[in-house]
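Undergrad: Let me see the structure of the following:
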Amino acid sequence: MVNVALSIAGSEASGGAGAQTDIKTFHQLGTFGATALTCIVSFDPKNDWGHRFVPVEPQVIADQIEAATAVHDIDTVKIGMLGTPATIETVAEALKAGNFKNVVVDPVLICKGQEAGAALDTDNALKEKVLPYATVITPNVFEASALSGVEVTDLDSLKEAAKVIHERSGAAVVAKGGAVLPGDQAIDVLYDGEEYTEYASPKIGERYVSGAGCTLAAAITAELAKGASVRDAVAVAKRVVTSAIENRVTPHTPFDEVYQGEYRG
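TA: This is a model prediction of the structure:
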């Protein structure tokens, strides 16, 4: 029997992030992937590779989730880019109705602290309406700081932020230090409410690698769909994302993109 996981995420046309990366990661780990696209994102080569963002209509998102969960028995879901309060409302309703066993939320925050209005409203809606359904949350350094109110500058503050997010959500938290924190190790921390587990690997290269966060969360999702514990799922995910960064694709952009195809487990 092949296990199935559902990615509720955006489409990223270059293939280096979003639902495309989720599906490739699921497949690499022997999990069948279904998708519900929330938005269409494409880089703009004429505008410093900025993001062009087009939301999918809420009813279309709901229809996709309905179809995927009718076709397959799905108990494990990964949430990626949502992008608007209307999308978040639709996804939250689906999470409530679905009563999924595992909900992995990669909390893509869009407000960097300066924007008023729509960006902040979207992030607040994500915190209020989606995070309560999460069983695992995978924030990067910026997101961990924003969700916890802790300024993350080192491993100790990353752990503190993970604990605060857990206390607020009840979810296991995988706080990703990645290449941002000082030192020669890329360190991620799992806090499950009882103890911390550190996952470290040497930092690789100098350029930013798009899709690393998507890959890590998708690998956790794939392993949970197969019945792994959270701790074991994160261990596999760390190996997968390290391989994806080591074997990165170097495109025409100022950043590289992950490639999952060399991972052999």
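
Undergrad: For residue 119, give me phi and psi.
TA: Residue 119 has phi and psi values of phi -60, psi -50 when expressed as degrees, to the nearest 10.

Undergrad: do you know how far it is from residue 146?
TA: 12 Å (Cβ to Cβ, to the nearest Å). Just so you know, the C-beta spots here come from the backbone N, C-alpha and C atoms, and that holds for glycine as well.

Undergrad: any chance you could map the helices in the stretch 101-250 of the chain?
TA: Under the criterion DSSP state H, counting those that start in this stretch, the stretch 101-250 of the chain contains helices at 118-129, 141-148, 155-169, 212-225, 230-246.

Undergrad: Among the ones you listed, which comes closest to residue 50?
TA: helix 118-129 (14.6 Å; Cβ to Cβ).

Undergrad: report the angle between the axes of that closest one and helix 155-169?
TA: 70 degrees (axes from the mean of the first three to the mean of the last three Cα atoms, to 10 degrees).

Undergrad: Mind giving me the packing neighbours of helix 118-129?
TA: Counting contacts by 3 or more Cβ pairs under 8 Å, 6 or more residues apart in numbering; DSSP states H and E, helix 118-129 packs against helix 85-98.

Undergrad: Which elements pack onto the helix it packs on?
TA: strand 32-44, helix 58-71, strand 76-79, helix 118-129.

Undergrad: Most tightly packed of these?
TA: strand 76-79 (a mean of 29; mean count of other Cβ atoms under 10 Å).

Undergrad: residues in contact with that strand?
TA: With contact meaning Cβ atoms under 8 Å, 6 or more residues apart in numbering, strand 76-79 is reached by 3-9, 22, 91, 95, 98, 100-106, 130, 134, 217-218, 220-221, 224-225.

Undergrad: Quick check: neighbours of that strand in the sheet, parallel or antiparallel?
TA: strand 4-12 (parallel), strand 102-105 (parallel) (DSSP bridges).
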